[in-house]
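*Asks:* quick one: sequence and predicted model below, then my questions.
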Amino acid sequence: MEPYTIDRSSNWRREAVEQWLFGLDLVSPAMRADIVTAWVSSWASSPYETLAGMPFTPDAPDYPLMSHVNDVTRAGIDLAHRAATDWGATVDPEVLVPILILHDLDKPLLYVRNGDTAGYSKLAEELPHGVVGAMMLKELGFAHSVVSTVATHATNAPFHGRGFEAYVLYYADLFAADHALMACGKVPFYRRRKS
């Protein structure tokens, strides 16, 4: 059985995704449509009836994935602006914005709710976070830089991308993840000790 199905139909999910996602106005209309299709496909392939029902992580099931994605996108755009101002760094919004918005595309397929808690799906036991999202993005025709950054962005990935966009995503993601964990009364990454 395939882990997802591409859903290109124009339906109520497309409208909900477009209303939810921050940053769609920063990319071309074609990129916007591709980003929306990716999220619609993930949602339609998941067990979730609503966007709000998707958890950010089993560690913080009460924090919505949709809030985390928008937090990461806002933080990443802010970091990119700061880097441009302070360091003269240049970034292509057609690369950075999709990476920020799509980095957790596979989470609706990897996490399942069980009442007030969340756990890992069977798919999460087969493939690590980032890989399924990258597979979907490759199938949808996203640029290699977007696909490879999404595939390797997880903190436990064996290696990480070297591009500036990967650097921005790393810090924006951890910043937003720590906010989500603290909002749920959990220990943030920056305070966790490695054993």
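*Replies:* Sure, I can see it. Numbering: from 1, shown residues only.
*Asks:* mean confidence score for the lengthiest helix in the chain?
*Replies:* Using DSSP state H, we find that the single longest helix of the chain is helix 65-87. Helix 65-87 shows an average pLDDT of 97 in the prediction.
*Asks:* neighbours of residue 103, how many?
*Replies:* 27 (other C-beta atoms under 10 Å). Heads up, the C-betas are built off the backbone N, CA and C, glycines and all.
*Asks:* same question, residue 113
*Replies:* Count around residue 113 with other C-beta under 10 Å applied: 15.
*Asks:* I would like the residues contacting the longest helix of the chain, please.
*Replies:* 20-23, 26, 51-52, 54-56, 89-91, 96-97, 99-101, 103-104, 107-108, 164, 168-169, 171-173, 175-177, 179-180 (C-beta atoms under 8 Å, 6 or more residues apart in numbering).
*Asks:* list the buried residues for it?
*Replies:* In terms of neighbour count (16 or more other C-beta atoms under 10 Å), helix 65-87 has its buried residues at 65-77, 79-80, 83.
*Asks:* which parts of the very next helix or strand once past it are buried?
*Replies:* Downstream of helix 65-87, the next assigned helix or strand under DSSP states H and E is helix 93-102. For helix 93-102, the neighbour count (16+ other C-beta under 10 Å) marks 95, 96, 97, 98, 99, 100, 101, 102 as buried.
*Asks:* what of stretch 137-146?
*Replies:* So, applying 16+ other C-beta under 10 Å, buried residues of stretch 137-146: 137, 138, 140, 142, 143, 145, 146.
*Asks:* could the residues you listed go into TSV alongside pLDDT, secondary structure and distance to residue 155?
*Replies:* Formatted as TSV, those follow (pLDDT from 0 to 100; DSSP: H, G, I helix; E, B strand; the rest coil; distance: C-beta to C-beta, whole Å):
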residue	pLDDT	secondary structure	distance to residue 155
137	98	helix	20
138	98	helix	22
140	98	coil	25
142	98	coil	22
143	97	coil	23
145	96	helix	20
146	97	helix	19
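*Asks:* which one of these sits closest to residue 5?
*Replies:* Using C-beta to C-beta, residue 140 is the member of these that sits closest to residue 5, with 12.0 Å.
*Asks:* surely that closest one touches residue 33?
*Replies:* No. Judged on C-beta atoms under 8 Å, residue 140 makes no contact with residue 33 at a distance of 10.2 Å.
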